[in-house]
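**Student:** Need coordinates for the below:
(2 chains)
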Protein chains: 2
Amino acid sequence: MVEVDVLVVGSGFAGLVAAIEAATDGASVLVIEKMRAAGGNSIISDGGFAALGEQDSPDLFYDDLVRAGQGLNQPELARILAENALDALAWSRGFLGVEYLERLEIFGGHSVARCYTARGRSGASIMRPLLKKLEELEVPIRYKSRLETIRTDTRGRVTGVLVRYGYDHADPAAGSGLDIKVRRGVVLATGGFGADVAFRTLHDPRLTAEVDTTNKPFATAEALIEAMRLGAAPVQLSHIQLGPWASPDEKGYGEAPGFADYIVFPRGIIVDPSTGRRVCNELADRKILADALLDVGHPCIGIADAQAVTQAGWNLDKGLRKGILKKFETLQALAEGYGIDSVELTKTVERFNSSVANGSDQEFEKPFLDDARPLQIPPYYGVRLWPKVHYTMGGLAINADAAVLDTQGNPMAGLFAAGELVGGVHGACRLGSCSITECFVFGRIAGKNAARSEIRV
Amino acid sequence: MVEVDVLVVGSGFAGLVAAIEAATDGASVLVIEKMRAAGGNSIISDGGFAALGEQDSPDLFYDDLVRAGQGLNQPELARILAENALDALAWSRGFLGVEYLERLEIFGGHSVARCYTARGRSGASIMRPLLKKLEELEVPIRYKSRLETIRTDTRGRVTGVLVRYGYDHADPAAGSGLDIKVRRGVVLATGGFGADVAFRTLHDPRLTAEVDTTNKPFATAEALIEAMRLGAAPVQLSHIQLGPWASPDEKGYGEAPGFADYIVFPRGIIVDPSTGRRVCNELADRKILADALLDVGHPCIGIADAQAVTQAGWNLDKGLRKGILKKFETLQALAEGYGIDSVELTKTVERFNSSVANGSDQEFEKPFLDDARPLQIPPYYGVRLWPKVHYTMGGLAINADAAVLDTQGNPMAGLFAAGELVGGVHGACRLGSCSITECFVFGRIAGKNAARSEIRV
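**Tutor:** Alright, predicted model coming up:
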């Protein structure tokens, strides 16, 4: 029998941030993680953290969130995200020591550039300082420990959990039971269910095993289901995000998203190979982009030139080496390489370049960056794009304290949640770089409130 | 203590159809209803039953369902609906004696006219034969009996329910507990949660108490929540349909929907009073229409002429008497009555009439009926239109046997569901006149399977 004040389930960003806040607040904290290492899906992200850019405001950020979310966002949660993003970023720098690149990026659906990218352009650059801080605070992570049951007292208040210790994702029956008594609060931070085909097809039957996912295979729904069993309200589960920057030429997340999101979408074009023409505003939000690709019905080609790559300051070596990205000395060679009519593609690029020169996109009203340039400097780079399941907007309902809500909308004593497991922050569509922000903002709230929850055991 | 083979919860169409099938199969059956009378929201419907029209097929019907549902429909359930609609209609005629008008109607999103309307254009015309058959079969309905708890054995199999008997919707604490032992199956047919503001705003925060509903106030989520507590999977709860044919000038369902759905949408036009112009294809599905109205941002005007009313064979007396519908001797008078620029409205009607004459809608690609006529025969009729919460597409997941599924996708022993309580049949948008079809098709399946479920008590 183990006993702690606060138990955190999951070791992605939301979980570790919650653990740090709870420990800082004086609570004894334990993190459990079902896999053999920390980081969940957070560690494979590109490390983009949306906060406030120049000439930006919480109101503008909030409006962007709700427009992309099609108004389904829980207003209170979206507002908390927008209003606390900058403070959370400052905390990650000042208290944890996370380092960010100087530049601000813009992703589709954002009105301004407000994405801070961790050095190394990888979630690992955020993970390391988090783990270091946990060590300083002497908060242990117990690996191979999978949540099985949340225990409650006769009044329904959370009093602990039963964990399968020695869990093996390849052999779910492995391991044995371990009871953990929790005096104050359990923080669920187990991520989304993008890799859980059975659960996701219950909610969106199109997303069968045929559809790939950028998530690691362990992104499954068991903690969400266990909370539902206790009476927690699941919300908006059928809103599942497809990443439009994924490539069918590689499994999982891979090399395409960085190239597409940081270079093609802001500075390049997406072309339907069967027509040679652009498909949509490449800086639209993820839902619009993914829907546009699905409407075309086959993979499209993301295209950028050497100047765009230089401007983005991005290294393409790995993607080129793996053959996911391709390099061509001329536009004609690129057209040939992807089976595009060369004349049509040339016309398309000329039209785009004249739009860039005029500062106004005649075709799709793409908002050009201030330093946008025509596509004309060889070599040219291409990638095939086809959507993959990326993020589950739905999840557990929470209130402003990150307390999990039951189906009547009442907080459940001792149960908190943060990160992708939570539903309602993003509504119908999450904007790029807002997930890490969400993990930090709500992880902090969940950790503090769990540490201050009344002692029940 | 009461003991039955099959307990049906709810006395709308789905519940009564299930009860009749279970009793016909030889089971002892009891229906419980929380209100003082039978019928739920079914009885206030217009009695439209989608089946197959002329030059129609299950495949065409299925395609219409999935297009409107944006692909979110569970394919198996949508196919069952399309393939069994005609048989269910024949059963309602032959076995129950429901009488339908000779004509077939078309509603938005359907490719062909396939709606059979019960005589009297009211759900009451379907309710009476159902209640008569129940009497013949000696199936009792116990009123003022609200489901509180579903009881299960140690293996999770349903063994009965606890009911609050003497329930009063105005005083939910009234009444006392009554245990009902169920030997074979419980059929949940408690309808949707359109009137449950707390529950619906968990899933779509825009639908506050400020937004009216066409549902009766008792359309609440308690049975859905109780099934979730047992581990049933709720699906697609955030897909809540707004009825585009509702009027802000009356409470609830009222008189506007019949006029709009049977006359304005197929034969008339919807005009934005601030511009005098049409808003969209009036025969688009409900989601497209409601979204178009919300985009306009204020109520729009549905307009038809005397000929359209005659062709539809619809009596407007009640709506006119209540002042919800208005009659004008000229188009100019109608424009004045609704504050529309008369010159713009005249131009709009002329454009529409020339489209009708050419058999092709130049503006919105509305599919004209074969007997479509220009709007030119006075008097003219108008109605103000603004969406109200009408139908909840989400609900409990079921399989092809109408067995409720748990969050792993496994059927729950002894638990069945049918009607609006079920999620996944319609996906993102239910087409008009498909709800009664759903109640009959899945009510029959649920009733039969509940009667044949293994004896557990």
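**Student:** quick one: A:Val2 and A:Ile32, what's the gap?
**Tutor:** Counting by CB to CB, to the nearest Å, the separation of A:Val2 from A:Ile32 is 10 Å. In short, each C-beta sits where N, CA and C put it, glycine included.
**Student:** what sits against A:Arg229?
**Tutor:** By CB atoms under 8 Å, 6 or more residues apart in numbering or on different chains, A:Arg229 lies in contact with B:Arg229, B:Gly231.
**Student:** go on, A:Gly337?
**Tutor:** A:Lys326, A:Phe328, A:Gly382.
**Student:** Most neighbours out of the residues you listed, which is it?
**Tutor:** Within the contacts of A:Gly337, neighbour counts (other CB atoms under 10 Å in any protein chain shown) peak at A:Gly382, which reaches 24 neighbours.
**Student:** can you map out the strands along the stretch 201-350 of chain A?
**Tutor:** Ranges of strands within the stretch 201-350 of chain A are A:234-235, A:240-243, A:269-272, A:277-278, A:300-305, A:325-328, based on DSSP state E, counting those that start in this stretch.
**Student:** With the stretch 1-150 of chain A instead?
**Tutor:** A:2-9, A:29-32, A:48-50, A:100-105, A:115-118, A:141-142, A:145-152.
**Student:** need these in JSON lines with mean pLDDT, distance to chain B and mean neighbour count, can you?
**Tutor:** Shown next, in JSON lines, are the strands of the stretch 1-150 of chain A (pLDDT from 0 to 100; distance: least, CB to the nearest CB, whole Å; neighbours: other CB atoms under 10 Å in any protein chain shown):
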{"stretch": "strand A:2-9", "mean pLDDT": "97", "distance to chain B": "18", "mean neighbour count": "25"}
{"stretch": "strand A:29-32", "mean pLDDT": "98", "distance to chain B": "21", "mean neighbour count": "26"}
{"stretch": "strand A:48-50", "mean pLDDT": "97", "distance to chain B": "21", "mean neighbour count": "26"}
{"stretch": "strand A:100-105", "mean pLDDT": "94", "distance to chain B": "30", "mean neighbour count": "16"}
{"stretch": "strand A:115-118", "mean pLDDT": "97", "distance to chain B": "26", "mean neighbour count": "25"}
{"stretch": "strand A:141-142", "mean pLDDT": "98", "distance to chain B": "26", "mean neighbour count": "18"}
{"stretch": "strand A:145-152", "mean pLDDT": "97", "distance to chain B": "13", "mean neighbour count": "20"}
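**Student:** for these, which one sits closest to B:Ile180?
**Tutor:** Nearest to B:Ile180 among those is strand A:145-152; the distance by CB to CB comes to 27.6 Å.
**Student:** Alongside chain B, which residues does the stretch 1-150 of chain A contribute?
**Tutor:** The interface of the stretch 1-150 of chain A toward chain B, taken as CB under 8 Å from any CB of the partner chain, is made up of A:Gly71, A:Leu72, A:Asn73, A:Gln74, A:Pro75.
**Student:** Recalculate using a threshold of 10 Å.
**Tutor:** Contacts of the stretch 1-150 of chain A with chain B, taken as CB under 10 Å from any CB of the partner chain, map to A:Gly69, A:Gln70, A:Gly71, A:Leu72, A:Asn73, A:Gln74, A:Pro75, A:Glu76, A:Leu77, A:Ala78.
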